[in-house]
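Student: With the sequence up front, the predicted model follows.
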Amino acid sequence: MTVLISRARPYGEEPVDVLIADGEIREIGAGLTAPAGAERLDAAGGILLPGFVDLHTHLREPGREDTETIETGSAAAALGGYTAVFAMANTDPVADTAVVTDHVWRRGREVGLVDVYPVGAVTVGLAGTKLAELGTMAAGAAAVRMFSDDGKCVHDPLLMRRALEYATSLNVLIAQHAEEPRLTEGALAHEGPTASRLGLTGWPRAAEESIVARDVILARDAGARVHICHASTAGTVELLRWAKAQGIAITAEVTPHHLLLDDSRLVGYDPVNKVNPPLREVGDTVALRRALAEGVLDCVATDHAPHAAQDKCCEFALARPGMLGLQTALSVVVATMLTPGLLDWRGVARVLSERPAQIVGLPDQGRPIVVGEPANLVLVDPDAVWTVRGAELASIADNTPYESMELPAQVTATLLRGRITARDGKVVDRSWND
Ligand SMILES: NC(=O)N[C@@H](CC(=O)O)C(=O)O
Ligand SMILES: [Zn+2]
Ligand SMILES: [Zn+2]
């Protein structure tokens, strides 16, 4: 299909028209005329960015299709401005074989709203005792390029070392959920004054930082790359800063919720605020924002984690950790980074699109907006203000921590290889477009 986007501001710069044909950016200029039969998208001065890439999504298929499916999660992704998402391996069955990873890949293709890249498990059944067949998953139809036991930490140092060595020879990425399990037994909330006051068992910063420090050293000695999931503390930022200064190949993501929210949200004991790693203190959010602006933290990843009402609306200790994130990520990044002047729109493109695509080596995502590049794009209305309603989000689950909050900026359209996947808050059905 052919699409003419008019009056769009790439990275917030001067308005231009952008002609898209055969999945590519064909022409950029002023006053372009639409060829016959072309779809028209009037951006009306909205911001044009490369489509977002999420390195950390939970889609719950297979196993918990009552909370999210590849189809509903893909819809949430397209509506949130994403053109590629990495679906974590903690499904049921676990994505520890090519049978599962190839299924997720094929189902994502069938749905066709976003490129769904399965993440393979590092260890069999996420049990942390035996390496999964990384090579078989990497060689499958899905060509798995990222492995993680997310939800659990690969805490055995010998196993982590081997995983890093294998990953290096396979040229794939290991992403670590940094949580020393001996330090978080029974933990429910960030260890600090709020948890003490509320009587909640603490999840100390040291549980994250000790694993980050260890993995930095393991990666250094293996000459390997390692990626840190959902960095949440000021201390992790300092370790990353040190590691990068040594030339160690470490990258890290931060979630929107760790940029915006802190543990003061826990008074009231609403489990919607329960997440791993836990919401920290204001000082941590400040350090995380600065680190993201400086590039010490590489990118934003949602850790979109849908959960059923019965697993969330129950007593705090029993509730599952996790929050929805795909449809609110851009708005939270605008609120925490763009509005305060920590990032401009180029910076937003860097943390939501370019860096994540580079980290995992996607050749067709996070690309510059120039002629000849694949048309994986998102249009944003920077002046929109909207009120979050969990029930209105595309996910089956509705566990958003932003319920009733007014957030800035809204995705107005998403294009995957030149095909409109979302427009004005609605998913565009594939058949409608072809
Ligand atoms: N973040 C969470 O609190 N939960 C995630 C697992 C994870 O990311 O560790 C989930 O799968 O629900
Ligand atoms: Zn995790
Ligand atoms: Zn996760």
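Tutor: Done, it's in. Ligands and ions are numbered 1, 2, ... in the order given.
Student: For this protein, which residue gets nearest to ligand 2?
Tutor: As assessed by Cβ to the ion, ligand 2 sits closest to His177 within the chain, at 3.6 Å. No exception for glycine: its C-beta is placed from N, CA and C like everyone else's.
Student: what about that residue, how many residues close to it?
Tutor: 25 (other Cβ atoms under 10 Å).
Student: do the same with Gly247
Tutor: 8.
Student: Next, find the distance separating it from Ala213.
Tutor: Distance, Gly247 to Ala213, by Cβ to Cβ, to the nearest Å: 17 Å.
Student: if we can go back for a sec, contact partners for the residue of the chain closest to ligand 2?
Tutor: Shown in contact with His177 (Cβ atoms under 8 Å, 6 or more residues apart in numbering): Ser148, Asp149, Asp150, Gly151, Lys152, Cys153, Cys229, His230, Asn276.
Student: how about 7 Å then?
Tutor: Applying Cβ atoms under 7 Å, 6 or more residues apart in numbering to His177 gives the contacts Ser148, Asp149, Asp150, Gly151, Lys152, Cys153, Cys229.
Student: do the same with Asp156
Tutor: Neighbours of Asp156 in contact, by Cβ under 7 Å, 6+ apart: Gly128.
Student: how about 10 Å then?
Tutor: Counting by Cβ atoms under 10 Å, 6 or more residues apart in numbering, Asp156 touches Thr123, Gly128, Thr129, Arg162, Ala163.
Student: May I ask which of those residues has the most neighbours?
Tutor: Neighbour-wise, the contacts of Asp156 (other Cβ under 10 Å) top out at Ala163, 27 neighbours.
Student: buried residues in whatever helix or strand that residue lives in?
Tutor: In the assignment (DSSP states H and E), Ala163 maps to helix 157-170. Going by neighbour count (16 or more other Cβ atoms under 10 Å), the buried part of helix 157-170 is Leu159, Met160, Arg161, Arg162, Ala163, Leu164, Tyr166, Ala167, Thr168, Leu170.
Student: now swap in stretch 305-322 and tell me
Tutor: In stretch 305-322, residues buried by neighbour count (16+ other Cβ under 10 Å) are Ala305, Pro306, His307, Ala308, Asp311, Lys312, Phe316, Ala319, Arg320, Pro321, Gly322.
Student: Within reach of ligand 3, which of those are there?
Tutor: Among those, no residue lies close to ligand 3 (Cβ under 5 Å from the ion).
Student: With secondary structure and distance to Gly372 added, can I get these in a markdown table?
Tutor: Output for the buried residues of stretch 305-322, formatted as a markdown table (DSSP: H, G, I helix; E, B strand; the rest coil; distance: Cβ to Cβ, whole Å):
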| residue | secondary structure | distance to Gly372 |
| --- | --- | --- |
| Ala305 | coil | 37 |
| Pro306 | coil | 37 |
| His307 | coil | 43 |
| Ala308 | coil | 45 |
| Asp311 | helix | 47 |
| Lys312 | helix | 46 |
| Phe316 | coil | 53 |
| Ala319 | coil | 49 |
| Arg320 | coil | 45 |
| Pro321 | coil | 44 |
| Gly322 | coil | 40 |
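Student: Could you restrict the residues you listed to the ones contacting ligand 1?
Tutor: Ala305, Arg320, Pro321, Gly322 (Cβ under 6 Å from any ligand atom).
Student: My guess is the last one contacts Asn399. True?
Tutor: Yes - under the criterion of Cβ atoms under 10 Å, Gly322 lies in contact with Asn399, with a separation of 7.0 Å.
Student: Now do the shared contacts for these two.
Tutor: Thr67, Pro271, Val272, Lys274, Val275, Ala305, Pro306, His307, Asp311, Lys312.
Student: Let's have those in JSON lines, adding distance to Ser404 and pLDDT.
Tutor: JSON lines is the format used below for those (distance: Cβ to Cβ, whole Å; pLDDT from 0 to 100):
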{"residue": "Thr67", "distance to Ser404": "22", "pLDDT": "98"}
{"residue": "Pro271", "distance to Ser404": "17", "pLDDT": "98"}
{"residue": "Val272", "distance to Ser404": "12", "pLDDT": "98"}
{"residue": "Lys274", "distance to Ser404": "18", "pLDDT": "98"}
{"residue": "Val275", "distance to Ser404": "19", "pLDDT": "98"}
{"residue": "Ala305", "distance to Ser404": "20", "pLDDT": "99"}
{"residue": "Pro306", "distance to Ser404": "19", "pLDDT": "98"}
{"residue": "His307", "distance to Ser404": "19", "pLDDT": "98"}
{"residue": "Asp311", "distance to Ser404": "22", "pLDDT": "98"}
{"residue": "Lys312", "distance to Ser404": "16", "pLDDT": "98"}
